[in-house]
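[1] One predicted model, sequence on top.
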Amino acid sequence: MTSRELFNRAIEVVLDHEGGYVDHPTDPGGATNFGISSRSHPEVDIENLTRDDAIEIYWTHHWQGRNFDMLPEKIATKTFDLAVNMGLKAGVVCLQRALRSCGILVSIDGVIGPETASGVAGTCELALVAALRSEAASHYRLVLARDEGFAPFAEGWMNRAYS
């Protein structure tokens, strides 16, 4: 499977979680559409952003050069989905911590490289997905504990973590 084919499958999960236009007053990212935020992409007319344009932003700014294609589909999709929501480094750190909880000692550097990819290849996918879900939920719980202003997002975050 090519990188673009893998991305095309993964982006459907992301878009399912992100939904359409929202301008929540406590979201530090500002207005978002399809998960694309006005803070991260001030050059984009967020309110009028099309689905196809959002997909191309994800491809160019969030997928290419990030090595998600070094991972098997299920792990790549879950890690990409988390990285879109919590940030690239945090999403990959969740994967690396999940690997460690499965007994694979990889560096926790927030980068998908040969060491992380090799670790994923050497791990039971079912166990790794369960550990990745747990790490994501832990990440979200810590964010919520540090800032109660994120409480409106708690249910969606937990659903995302465990999906």
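    Arrived safely.
[2] residue ranges of the helices in this protein, please?
    Using DSSP state H, the helices of the chain run over 3-18, 51-57, 73-86, 88-101, 114-121, 125-146, 154-162.
[3] Mind giving me the packing neighbours of the second one?
    The one in question is helix 51-57. Counting contacts by 3 or more C-beta pairs under 8 Å, 6 or more residues apart in numbering; DSSP states H and E, helix 51-57 packs against helix 3-18. From N, CA and C alone the C-beta is placed, and that goes for glycine too.
[4] How about residues contacting the helix it packs on?
    Here helix 3-18 makes contact (C-beta atoms under 8 Å, 6 or more residues apart in numbering) with 32, 34-35, 51, 54-55, 58-59, 63-64, 68-69, 73, 76-77, 80-81, 84-85, 156, 159-160, 163.
[5] related to what we said a few turns ago, could you export the helices of the chain as JSON lines, including mean pLDDT?
    Formatted as JSON lines, these follow (pLDDT from 0 to 100):
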{"stretch": "helix 3-18", "mean pLDDT": "96"}
{"stretch": "helix 51-57", "mean pLDDT": "97"}
{"stretch": "helix 73-86", "mean pLDDT": "97"}
{"stretch": "helix 88-101", "mean pLDDT": "98"}
{"stretch": "helix 114-121", "mean pLDDT": "98"}
{"stretch": "helix 125-146", "mean pLDDT": "97"}
{"stretch": "helix 154-162", "mean pLDDT": "94"}
